[in-house]
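Peer 1: got a sequence here, can you build the structure:
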Amino acid sequence: MKLIEYSTQWAKGEMFEGMCIAVLGILTLICTVLIWKYGTTVNARALVIPTLVIGLLFTAMGSFMVYSNNNRIAEFETAYQANPTEFTQAEKTRVEGFQFMYPTTLAIISVCFLVAVLAFVFSKNPNFHAIGIVLSVFGVALIIIDYFSKERGQIYYEHIKNYL
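Peer 2: The predicted structure follows:
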């Protein structure tokens, strides 16, 4: 298989992941509307704004991933046809450039879970509990996203190194 085919596979995997995130965001927004309409308790009311924010964030993140990777496929094909060696080197540099994000994301996830636990342990405020719940959902989503993204990135990087 040519490297361009691996590059396209990688971008399509990122697009699929983006679609999943966008769907999660839309489902979260639907749940937000249902909580807003039917939630009568203080805790339900406290969840409305945090779930709205996370739903919008997931929808925006997922949509951006789909859009950018769809454009990236066309850019890949053009760059590969122009100069395969230069394309391979540029991809190697690009993939090496985003590898630092995985440990950074783990730190962000850890902070999300820590804040969530602290919100439940040290506060009786429903707003803090709602924020803790949303941070937990955000942390789980980031773990899932990074798990598959890191694996896909490592496989792609190995193919790049094989072509160099």
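Peer 1: rest of the way, CA atoms for contacts and neighbours
Peer 2: Will do.
Peer 1: which helix is the longest one in the chain?
Peer 2: helix 42-82 (DSSP state H).
Peer 1: for the record, mean pLDDT for it?
Peer 2: Averaged over helix 42-82, pLDDT sits at 95.
Peer 1: who are the packing partners of that helix?
Peer 2: helix 3-38, helix 84-98, helix 126-163 (3 or more C-alpha pairs under 8 Å, 6 or more residues apart in numbering; DSSP states H and E).
Peer 1: report the buried residues of the first one.
Peer 2: Burial within helix 3-38, assessed by neighbour count using 16 or more other C-alpha atoms under 10 Å, is assigned to 3-4, 6-8, 10-26, 28-29, 31-32, 35-36.
Peer 1: most remote residue from the protein's center?
Peer 2: Largest separation from the mean C-alpha position in the chain: Thr40, at 32.0 Å (C-alpha atoms, centre = their mean).
Peer 1: what strand or helix carries Val111?
Peer 2: In the assignment (DSSP states H and E), Val111 maps to helix 101-122.
Peer 1: mind listing residues that contact that helix?
Peer 2: Identification of contacts with helix 101-122 by C-alpha atoms under 8 Å, 6 or more residues apart in numbering yields 128-129, 131-133, 135-136, 138-140, 142-143, 146, 150.
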